[in-house]
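predicted model and sequence below, questions to follow.
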Amino acid sequence: MQVEKNVYVPMRDGVHLTVDIYRPDAEGKFPALLALSPYGKEIQTLPIPPQPRETSPLWDGCIEAGDTEYLVGHGYVHVIGDVRGTGYSEGEYVGLFSKQEAEDGHDLVEWIAQQPWCDGNVGMIGISYFAMIQIFIAAEQPPHLKAIFPFDPAWMDTYRRIYTGGILSTFLYGLWDGRDGDSGFAPRNVVSAMMKTLPKPEVDRLFEEALSNPDIRCYSNFYHLLKYPQKNPVFVDFLLNPNDGPFYWERSPHTKFDRVKIPVYTGHVMSAHPAGVDGAISAYLEIDAPKKLLLPPPVPLERPYHQYHDELIRWYDYWFKGIDNGIMNEPPIKLFVTVANQWRYEHEWPLARTKWTKLYLRPWGRLSPEPETKSDEPSYFVQQPLYISGKKGPVKYLSPPLPEDTEITGPLALYLYASIDQDDTNWILELNDVDEYGNKLLRPVSRGYLKASHRALDESKSKPWRPEHLHTNPEPVVPGEIYEYAIDLVPCAHLFKAGHRIELEIASMDSPWDSVLARSAGEYHICSSKTTLHKIYHDKEHPSHLLLAVIPKT
């Protein structure tokens, strides 16, 4: 391997980005794979073996550029760079995923293609940020970017990742400084996009609104950040933008899908984690180009990232080296069904043979194929704010033991009739597999989120199995009034064994005490500042139900 470190590449405005270049120690020209992020290129090739997240204290979620030795060994140049304003690159990082960042990617791709060691074919590699930025750069349509592999994107819709169902997630706050297992961003010159681009009176108004939010005032970290915004300028922008709109549309890969015209291989592990699986599936469905979708088991990828490189090499060998390895002759979707422990090819999403099945919420915490035929009292739970109690007060609904193995593969939705005694709340759902002894499987099958005031649907995009919400103009709830909430859950591919039960948990809070992952990664959502009574209706006039994608036996 030949290595060139800290190569400064000029952009169209004269700013220089810095890259490291790893290429085969051989004569000739080779295709190149670009990895680009704000995490710092210097950590991407640390000589440490892959670490599993669940057990290793050395797992670092930001080492995601790919296995350099594997790539170079298969005849590819691996180029790893720092985006503008981070690492060793010059310039200013103005908020997350700016237009400037995409243009820089275009210029970098074209520079790579002109180097004497490149054969003119450039692709991209990497997960999470490294994956999402591929869509932005592909949308700029640099002539020498011939294919991409945006595997395991953290999201494709920026608003819906920061505000899951309209509920603020804390994840990006902790990622900035890399607490508990992440090295985080490598900031060099970073500013808030809102503070840089808006008039000061408008910025002051947004800060005042955020500081007066009673939910945010319960979390000293966020209140502190709004008072000292230089501490984390990227997250400040999110706090100042609680609703979807132009700020997020500019910074969301999904708004660029129509401009991606090159071959795309995407996918995501089939975990209950919000946004990732949905984002990969939406990219596959909406991009009009040669494409494939990979949905592996719900196991967190190791770091340094190295998994599924065999599939990546097959992809690029086909498009860049003209090797007819059969990858485009296979069905376009490859997925793994958990519990069945089975890989399988499919042709479409949702699967054409899906039997859409309703399970109705019933009195006594039951889930039943038959709806309630009488009027009955609602179920209820009371949730106190986190500053009073860390105890969740959910209601749970449990199906009878399943008479046979039942596969659920596809999108899921809950249609919930409910009332509350405040003007807003959070609906947080969890779908579980419960065995014959009453034990839940280690990981939830799926999760779903919706802030009650964000219940308005985008009718132009919604499907029965995938309700989509506008998130642009929240409407407070009238206390005591019954509303129907259509809530999408993360798609799954899971086999419930005969004798097992399907459990639906409805809560309004998660917290850092829910799991080790929530504590270490800061992966939870801010809860309401008000004690709230929730009533769940499941009578004849209010048929609350789950909609499941059941796959018949073949």
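All right, it came through fine. Note that the coordinates shown come from a computational prediction; the quantities given were computed from them, not determined experimentally.

what sits against Ala289?
260-264 (C-beta atoms under 8 Å, 6 or more residues apart in numbering). The C-beta positions use only the backbone N, C-alpha and C, and glycine is treated the same way.

any figure for the gap between it and His106?
According to C-beta to C-beta, to the nearest Å, Ala289 and His106 sit 17 Å apart.

my read: Ser529 touches Tyr219, true?
No - Ser529 is beyond contact range of Tyr219, at 9.5 Å (criterion: C-beta atoms under 8 Å).

coming back round to it: among the contacts of Ala289, which are located in helices?
Assigned to helices by DSSP state H, none of those qualify.

which of those are buried?
Buried residues within the contacts of Ala289, counting neighbours by 16 or more other C-beta atoms under 10 Å: 260, 262-264.

what separation do you get for the nearest residue to His538 once chain neighbours are set aside and Leu398?
Using C-beta to C-beta, 6 or more residues apart in numbering and skipping the chain neighbours, the partner closest in space to His538 is Leu361 (4.1 Å). Note on Leu361: its distance to Leu398, by C-beta to C-beta, is 11 Å.

with Glu436 instead?
As judged by C-beta to C-beta, Glu436 and Leu398 stand 12 Å apart.

with neighbour numbers in mind, choose between the two.
Shown here are Glu436 and Leu398; by other C-beta atoms under 10 Å, Leu398 has more neighbours (17 against 11).

returning to that earlier point: what's the overlap in contacts for Leu361 and Leu398?
Joint contacts of Leu361 and Leu398 (C-beta under 8 Å, 6+ apart) are 367, 504.

starting at the chain centroid, how far to the biggest helix by length in the chain?
In terms of residue count, the longest helix belonging to the chain (DSSP H) is helix 99-113. Distance, stretch centre to chain centre, for helix 99-113: 24 Å (C-alpha atoms, centre = their mean, to the nearest Å).

returning to that earlier point: of the buried ones among the contacts of Ala289, closest to Ala154?
Val264 (16.9 Å; C-beta to C-beta).

what sits opposite that closest one in the beta ladder?
Val264 forms beta bridges with Ile148, Lys291, as assigned by DSSP bridges.

distance check, it against Glu103.
Counting by C-beta to C-beta, the gap from Val264 to Glu103 is 20 Å.

now the helices for the stretch 351-500 of the chain?
Remark: helices of the stretch 351-500 of the chain are absent; assignment by DSSP state H, counting those that start in this stretch.

could I get the full set of strands for it?
Remark: strands assigned in the stretch 351-500 of the chain by DSSP state E, counting those that start in this stretch are 355-362, 366-368, 379-383, 395-398, 406-420, 426-434, 446-451, 483-496.

mind checking those strands for the one nearest to Leu198?
Once those are compared by C-beta to C-beta, strand 446-451 is nearest, at 24.9 Å.

which strands or helices does that closest one pack on?
Where contact means 3 or more C-beta pairs under 8 Å, 6 or more residues apart in numbering; DSSP states H and E, strand 446-451 is packed against strand 167-168, strand 406-420, strand 426-434, strand 483-496.

now it against strand 426-434, angle please.
Here strand 446-451 points in a direction 170 degrees away from that of strand 426-434 (axes from the mean of the first three to the mean of the last three C-alpha atoms, to 10 degrees).

could you give the angle of strand 446-451 to strand 483-496?
170 degrees.

what's the neighbour count on Val550?
Neighbours of Val550 (other C-beta under 10 Å): 16.

any idea of the pLDDT on Ala518?
Looking at Ala518, its pLDDT stands at 53.

worst-scoring helix or strand of the chain, pLDDT-wise?
Scoring the helices and strands of the chain by mean pLDDT, DSSP states H and E places helix 516-521 at the bottom, with a mean of 51.
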